[in-house]
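# What shape does this take:
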Amino acid sequence: MPQVTFSYTGQLANAAGTPEETLDLAEGALLRAALDDLASRYDGRWREMIFDDGGNVRSTVLIVLDGEQATGDKNAISLDGVRTVMLMTPIAGG
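Got it, this is the predicted structure:
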């Protein structure tokens with residue numbers, strides 16, 4: 001079973017209570033399934049930062065896979081061969 005380390009910045013780390021964790025994932029796992037699993041572990045605030053009202057991964061969430069920004073449909077990203085996933089939400093302020 002592949003292990004993938006998820007790291008979070010800012011408010012996501014606060015909502016999770018940790019800046020990083022490692023999941024055991026099945027071969028062929030999709031990012032979306034891993035995010036659903038993670039969201040079930042935390043309060044609704046974490047889920048609201050990741051998913052929009054339609055249940056899709058927010059377009060504003062930056063996803064970095066093994067140091068490279070993910071592109072395309074965030075709900076269909078495969079984690080095959082991926083070792084690290086960084087999730088970043090927009091930073092407010094000025």
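# which residues does the closest residue to Leu38 other than its chain neighbours bridge with?
Sequence neighbours aside, Phe6 is the residue nearest to Leu38 in space, at 6.8 Å (criterion: C-beta to C-beta, 6 or more residues apart in numbering). All C-beta atoms are positioned from the backbone trio N, CA, C, and that covers glycine. Phe6 has these beta-bridge partners by DSSP bridges: Glu21, Val85.
# Which parts of this structure are helices?
For the chain, applying DSSP state H gives helices covering 10-16, 31-41, 44-50.
# Low-confidence regions, the chain specifically.
Applying pLDDT under 70 to the chain flags residues 92-94.
# hang on, the earlier thing: report the contact partners of the residue nearest to Leu38.
Glu20, Glu21, Thr22, Leu23, Ala34, Leu38, Thr84, Val85, Met86, Leu87 (C-beta atoms under 8 Å, 6 or more residues apart in numbering).
# ok, now with 7 Å
Neighbouring residues of Phe6 by C-beta atoms under 7 Å, 6 or more residues apart in numbering: Glu20, Glu21, Leu23, Leu38, Val85, Leu87.
# need these in a markdown table with neighbour count and distance to Ile77, can you?
Formatted as a markdown table, the contacts of Phe6 follow (neighbours: other C-beta atoms under 10 Å; distance: C-beta to C-beta, whole Å):
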| residue | neighbour count | distance to Ile77 |
| --- | --- | --- |
| Glu20 | 12 | 19 |
| Glu21 | 14 | 18 |
| Leu23 | 16 | 15 |
| Leu38 | 20 | 14 |
| Val85 | 22 | 9 |
| Leu87 | 23 | 12 |
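# Can you lay out these as TSV showing distance to Arg47?
TSV is the format used below for the contacts of Phe6 (distance: C-beta to C-beta, whole Å):
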residue	distance to Arg47
Glu20	19
Glu21	16
Leu23	16
Leu38	9
Val85	17
Leu87	12
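# nearest to Pro2, of the residues you listed?
The nearest member of the contacts of Phe6 to Pro2, counting by C-beta to C-beta, is Leu23 at 9.1 Å.
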